[in-house]
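> predicted coordinates and the sequence they were generated for:
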Amino acid sequence: MAVSLTKGGRVDLTKGTGLKEAMIGLGWDTNRYQGSAEFDLDLVIFECDANKRCIGEKNFVFYGNLKDGEGAIAHSGDNRTGAGDGDDETATINFAKINPRVENIVIAVTIYEARKRNQNFGLVDNSFVRLVNTETGEEILRYDLGEDFSIQTSVIFAEIYKVGTEWKFKAVGEGYTKELADLCREYGIDVA
């Protein structure tokens, strides 16, 4: 039975569970169509040090870099429509392969060209993040965003962070009026 989280909720992922690899699934529906441009939401992951700075460009995983430098995180690829039920974009995390410098894994979703297309998360419904044990197929936790981000163009859905040798999950749910390049700069990735 999956744990249902609310904003700020936390779950211990590895202590006593033996969890070695997990699938992060994110899903959403657009609730209103505006303009001629389709919505394209993108899963992005930053592998950060204790200061929440991404440890390197290869440790920024998104539609343009589907695997991190260590092969610990693999992105499923860009889903440009979000059509259908279930997960719209996924990534797998192998905890044993994560670079030892990584203390925090930030899981976010951005709207591609949000400003240009005049789109925001106020036009998105049924947003969720879930974590599944890839070995058993069991859904461990689920966080339904359920917030109204009427002007935000990116949302930090969750963080997976290290305490000692254990990994924990935190439901974050913080929205920003930033696009992908803005988030990259915030986490220390230099973009043109």
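Sure, I can see it.

> rest of the way, CA atoms for contacts and neighbours
Fine.

> what residues sit buried inside the longest helix seen in the chain?
Longest among the helix segments of the chain by residue count, using DSSP state H, is helix 180-186. Within helix 180-186, the residues scored as buried using 16 or more other Cα atoms under 10 Å are 180, 183, 184.

> what does the average pLDDT come to for stretch 138-156?
For stretch 138-156, the mean pLDDT works out to 84.

> off-centre distance for it?
9 Å (Cα atoms, centre = their mean, to the nearest Å).

> quote the end-to-end distance of that stretch.
End-to-end span of stretch 138-156 (Cα to Cα, to the nearest Å): 24 Å.

> and if you look at stretch 126-145?
First residue to last in stretch 126-145 (Cα to Cα) measures 7 Å.

> hey, where'd the helices end up in this structure?
Counting by DSSP H, the helices of the chain are 114-117, 180-186.

> now the longest helix of the chain: mean pLDDT?
Across helix 180-186, the per-residue pLDDT values average to 92.

> run the chain-centre distance for that helix.
Centre to centre, stretch against its chain (Cα atoms, centre = their mean), the figure for helix 180-186 is 14 Å.

> stretch 108-128 now?
Averaging C-alpha positions (Cα atoms, centre = their mean) puts stretch 108-128 14 Å from its chain's average.
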